[in-house]
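**Student:** Just need the structure, nothing else, for what follows:
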Amino acid sequence: MIFSEFRFFIFFAIVFSIYWSLPKNSSRKVWLLLCSYAFYGAWDWRFLSLIFASTIIDYGVGVMISKTSHPKYRKGLLMLSLCSNLGLLGLFKYYNFFADSAASFMAFLGWQVQSHTLEIILPVGISFYTFQTLSYSIDVYWGKLKAVENFLDLALYVSFFPQLVAGPIVRASTFLPQLHTARKFSKVDFRYFLILFLVGFIKKACISDNLAPLVDRYFSSPETYTAFSSWLGVVSYTVQIYCDFSGYSDMAIATSGFLGYELCLNFDFPYFATNITSFWRRWHISLSSWLRDYLYIPLGGNRGTKLFIYKNLMLTMLLGGLWHGASWNFVIWGGLHGIALIAHREWSRMTHSYKQLPILRNLMGLVLTFYWVCLTWIFFRAVDLKTALTVLKSFVLLDSSGSIDMGIGLLWIFVPLTIAHWCAYRRLLSDWWRRIPGWSFAAFYGLAFSAILPFVSTSYTPFIYFQF
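**Tutor:** Got it, this is the predicted structure:
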């Protein structure tokens, strides 16, 4: 079940109506927990056992950590949480990848070893809720958060359906306090969340889903397309993945907001970033901040020599790439971003006192950053390394033996999208819908929704980040 499906609207209408009709906060939480399990179980009910296991383990670990001050015992409990959660994630997501990689490496050394892989299905959203539960246990261990005594609260935090399968990755310290008191219907900013949901729906159903077939055709056989078409294919995927993922985040934040709960911002116009560091402060913010706080800083962060800092940075990005998928393509993608982050730090250090025209500097930075991000998306999208190198050759060197041309007319699709995105970035259209009467807002919303229906794809395309 995805947010752009008709059955989700029916599902949420039922959830919303009953939720706000329940007078007690405890009853509301029980209802949301049951609905969250139903939402996830609609995909495959068997994998609810993994969510149960993570919830029970981390609840027990949190309670026991809070009841002891013995360093070794506390560390042992934390290791239990880390090993259990990462063990499940490793088994379902990475076992076959490492088994195949080990067999290939042994074959390279001249030893023929048969790879023993497992016929297993990757549970939707396992990377997201695993990182959420880990952040809870780690924060309790560090003393930044008190252990939850109410099992219901932790269970709802782990399985809250708006962000369960594709984020944002919500911190327990920001979500759990919201469960202590009943949400008030009068405090919900319905106009804002209706607009936010509409924007997310347009991104996903009207833009991403319509670009998906084009991108799929190109990446299925890039060697048959012209070099110009490689640019169209790569830029189309760059737009597709942003609209797909940020659209999901918008709808997740809005859906949660309708129920009175606040989720963190996950995207902040990343394609307008003027350097790669700024890009990672704007793209998938909940993940990048998670990697910073729970991986980069514990590794040592900026505390040490330049070589030590850059090692931490590269290791964080490599593991961040691997988090996205069990493929060397994702590791390369993370490594390329690690190289860019290191290069930007060096460039900033060397040009610290150099005066440039801000407009020229920002424009050059925006173009170079966008170009690099597009280039790295090639490894993210390509099904294998061979395909990625074929696309890379055509995209960078403009060298392709293919003859199929996507057509320059496709460029006109990006003109209104860029203008609309820039207007939103500059906040040129913000808040006008707050100042109009209620009946005008309702009429506008109905007309806007009717206007976009012809552009909604007839087939539902799963969210790209469901696979992670």
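**Student:** Which strands and helices lie in contact with the helix or strand Q132 falls within?
**Tutor:** Q132 is part of helix 126-142 when elements are defined by DSSP states H and E. Counting contacts by 3 or more Cβ pairs under 8 Å, 6 or more residues apart in numbering; DSSP states H and E, helix 126-142 packs against helix 48-66, helix 71-89, helix 151-159, helix 172-175, helix 285-291. For glycine as for every other residue, the C-beta is placed from the backbone atoms N, C-alpha and C.
**Student:** now those in CSV, with mean neighbour count, distance to Y465 and mean pLDDT?
**Tutor:** As requested, these are exported to CSV (neighbours: other Cβ atoms under 10 Å; distance: least, Cβ to Cβ, whole Å; pLDDT from 0 to 100):
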stretch, mean neighbour count, distance to Y465, mean pLDDT
helix 48-66, 19, 18, 93
helix 71-89, 16, 15, 92
helix 151-159, 21, 18, 95
helix 172-175, 18, 20, 92
helix 285-291, 20, 10, 94
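**Student:** With distance to L389 as extra columns, can I get those in CSV?
**Tutor:** Supplementary listing: those in CSV, determined by distance: least, Cβ to Cβ, whole Å:
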stretch, distance to L389
helix 48-66, 36
helix 71-89, 29
helix 151-159, 40
helix 172-175, 42
helix 285-291, 27
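**Student:** Which stretch among the ones you listed approaches F9 most closely?
**Tutor:** In this view, the helices and strands packed on helix 126-142 are compared for proximity to F9 by Cβ to Cβ, and helix 151-159 is the closest at 21.0 Å.
**Student:** would you put the C-alpha positions of that closest one in PDB?
**Tutor:** Output in PDB follows, covering the C-alpha atoms of helix 151-159 (Å, rounded to 0.1, in the frame of the first residue of the first chain):
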ATOM      1  CA  PHE A 151       5.800  -0.800  25.900                       C
ATOM      2  CA  LEU A 152       2.900   0.600  23.900                       C
ATOM      3  CA  ASP A 153       4.800   3.900  23.300                       C
ATOM      4  CA  LEU A 154       7.900   2.200  22.000                       C
ATOM      5  CA  ALA A 155       5.900  -0.200  19.800                       C
ATOM      6  CA  LEU A 156       4.100   2.800  18.200                       C
ATOM      7  CA  TYR A 157       7.300   4.700  17.800                       C
ATOM      8  CA  VAL A 158       8.900   1.800  15.900                       C
ATOM      9  CA  SER A 159       5.900   1.000  13.700                       C
END
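**Student:** if we can go back for a sec, minimum distance to P123: which of the helices and strands packed on helix 126-142 has it?
**Tutor:** So among those, helix 48-66 is nearest, using Cβ to Cβ, at 5.8 Å.
**Student:** Can I get that closest one in PDB, CA atoms only?
**Tutor:** Listed next in PDB are the C-alpha coordinates belonging to helix 48-66 (Å, rounded to 0.1, in the frame of the first residue of the first chain):
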ATOM      1  CA  LEU A  48       5.600  -8.300  11.200                       C
ATOM      2  CA  SER A  49       7.600 -10.700  13.400                       C
ATOM      3  CA  LEU A  50      10.800  -8.800  12.600                       C
ATOM      4  CA  ILE A  51       9.200  -5.500  13.900                       C
ATOM      5  CA  PHE A  52       7.900  -7.400  17.000                       C
ATOM      6  CA  ALA A  53      11.400  -8.800  17.600                       C
ATOM      7  CA  SER A  54      13.100  -5.400  17.300                       C
ATOM      8  CA  THR A  55      10.600  -3.700  19.500                       C
ATOM      9  CA  ILE A  56      10.800  -6.400  22.300                       C
ATOM     10  CA  ILE A  57      14.600  -6.500  22.200                       C
ATOM     11  CA  ASP A  58      15.100  -2.800  22.400                       C
ATOM     12  CA  TYR A  59      12.400  -2.300  25.000                       C
ATOM     13  CA  GLY A  60      14.000  -4.800  27.200                       C
ATOM     14  CA  VAL A  61      17.500  -3.400  26.500                       C
ATOM     15  CA  GLY A  62      16.400   0.100  27.300                       C
ATOM     16  CA  VAL A  63      14.700  -0.900  30.600                       C
ATOM     17  CA  MET A  64      17.700  -2.900  31.800                       C
ATOM     18  CA  ILE A  65      20.300  -0.200  30.800                       C
ATOM     19  CA  SER A  66      18.300   2.300  32.900                       C
END
